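> Quick one: sequence and predicted model below, then my questions.
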Amino acid sequence: MTTRKPIKKAVFPVAGLGTRFLPATKAIPKEMLPIIDRPLIQYAVDEAREAGIEQMIFVTGRGKTAIVEHFDIAFELEATMGERGKDMGVLDSSRATPGDIITVRQQVPMGLGHAIWCARAIVGDDPFAIFLPDELMIGEPGCMKQMVDAYNEVGGNLISVLEVPMEEVSSYGVIDPGAANGALTEVKGLVEKPPVSEAPSNKIISGRYILQPEVMRTLENQGKGAGGEIQLTDAMARMIGSQPFHAVTFAGRRFDCGSKTGFVEATLALALERADMGAEVRAIAERLLAQPG
Ligand code: G1P
């Protein structure tokens, strides 16, 4: 196995306005909405840490300060809990190592590609990961760990993919798949939000990426694409051929927490699995389902 430059940095684009969850997201970032007792952003950061990533780069915007506060030390809270003898273990994963949370601002929403490009100075010449926190990926190991393992074998660029019904592909980036080898599929082409009739497959990009730093140079002169936005997918498509590009089919479950029903599904699924509440939640769900609609 060749030694690759390790993936130590991750970019989290979190500047989005979260309009689909209004009014809940009027004063708090959508990434702070909790699935039970952990905000969405925490699931993504935990997944990154599990994969060996150390530096978390948040591409934020106005009104997103709560995300950064979340990973800080809450001095008053901890002092008070300490005095009262409360267990502070619940706060452990939300305390970042000093210096490991870095933020840059995306001043104007110009698309995912633009958001990633805003992190170019911090990414520098290192390969890096990207997490779209709306996509909640649950697996053992987690999605990014599976991708880092694949990266250690093939290097280059990797995206996580999953299959959706053909009629849903127009909401996503879609791959043109080449040769497959286990969970790895060669990527021959990429297209962002194609009409169903033009989609090269039903394998969609599901919100996790490992990219080489050259993508930043490609994004620099990337024109607007689907929806009039600067698309990451378009920049990646232009890199195919000059660098290895693979898709990793994630062995695990994915919840689309950018949609309200996906959010409810994730909440219910994870609650049912929890040792501290699963049985109670199951009884509640069964009672509610037994009631006439
Ligand atoms: C973005 C990406 C798209 C990807 C999707 C996954 O789209 O541009 O390629 O499939 O995330 O959620 P968005 O959901 O921001 O429109």
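Sure thing, it's come through.
> quick one: contacts for the residue of the chain found nearest the ligand?
Here the chain gets closest to the ligand at one residue, Gly173, 2.4 Å apart by CB to the nearest ligand atom. To be clear about C-beta, it is placed using only N, CA and C from the backbone, and glycine gets the same treatment. For Gly173, the contact set (CB atoms under 8 Å, 6 or more residues apart in numbering) comprises Leu190, Val191, Glu192, Lys193, Ile204, Ile205, Gln231, Leu232, Thr233.
> Go ahead and confirm the fifth one touches Ile159.
Okay, so that is Ile204. No - using CB atoms under 8 Å as the test, Ile204 is too far from Ile159 to be in contact (9.7 Å).
> the more surrounded of these two?
The residue with more neighbours, out of Ile204 and Ile159, is Ile159; 27 against 23, by other CB atoms under 10 Å.
> partners of the helix or strand encompassing the more buried one in the sheet?
For Ile159, the host element (DSSP states H and E) is strand 157-163. Applying DSSP bridges, strand 157-163 is found paired with strand 203-211 (antiparallel), strand 245-249 (parallel).
> quick one: average confidence on stretch 217-229?
Confidence for stretch 217-229, expressed as mean pLDDT, is 93.
> next one: phi and psi at the residue of the chain closest to the ligand?
Main-chain dihedrals, Gly173, degrees, to the nearest 10: phi -80, psi 140.
> One more: Met166?
Dihedral angles (degrees, to the nearest 10) for Met166: phi -50, psi -40.
> Please apply the same query to the one 3 residues further on.
Its backbone dihedrals place Val169 at phi -60, psi -30, with angles given as degrees, to the nearest 10.
> residues contacting it?
Per CB under 8 Å, 6+ apart, neighbours of Val169: Pro194, Val196, Ala199, Asn202, Ile204.
> can you pull the pLDDT of it?
For Val169, the pLDDT comes out at 96.
> ok, it to Trp117 distance?
Plainly put, Val169 is 26 Å away from Trp117 if you go by CB to CB, to the nearest Å.
> Run the chain-centre distance for the worst-scoring helix or strand of the chain on mean pLDDT.
Across the helices and strands of the chain, mean confidence by mean pLDDT, DSSP states H and E is lowest for helix 75-83: a mean of 86. Taking the mean of its C-alpha atoms, helix 75-83 sits 32 Å from the chain's own mean (CA atoms, centre = their mean, to the nearest Å).
> any idea which helix or strand comes after it?
Using DSSP H and E, the helix or strand that follows helix 75-83 in sequence is strand 101-105.
> Contacts for that next one, please.
By CB under 8 Å, 6+ apart, strand 101-105 touches 15, 55-61, 68, 71-72, 118-119, 121-122.
> Same question for stretch 253-261.
20-21, 33, 35, 40, 133-139, 143, 162, 206, 262-263, 265-266, 269.
> and with 7 Å instead?
Stretch 253-261 has contacts (CB atoms under 7 Å, 6 or more residues apart in numbering) with 20, 40, 134-139, 162, 206, 262-263, 265-266, 269.
> List the buried residues in it.
Neighbour counts over stretch 253-261 (16 or more other CB atoms under 10 Å) mark Arg254, Phe255, Asp256, Cys257, Gly258 as buried.
> got those as TSV, with pLDDT, secondary structure and distance to the ligand columns?
Listed next are the buried residues of stretch 253-261 as TSV, based on pLDDT from 0 to 100; DSSP: H, G, I helix; E, B strand; the rest coil; distance: CB to the nearest ligand atom, whole Å:
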residue	pLDDT	secondary structure	distance to the ligand
Arg254	96	strand	9
Phe255	97	strand	11
Asp256	95	strand	7
Cys257	96	coil	10
Gly258	94	coil	6
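> just those now: which is nearest Lys224?
Lys224 lies nearest to Gly258 out of these, by CB to CB, at 21.5 Å.
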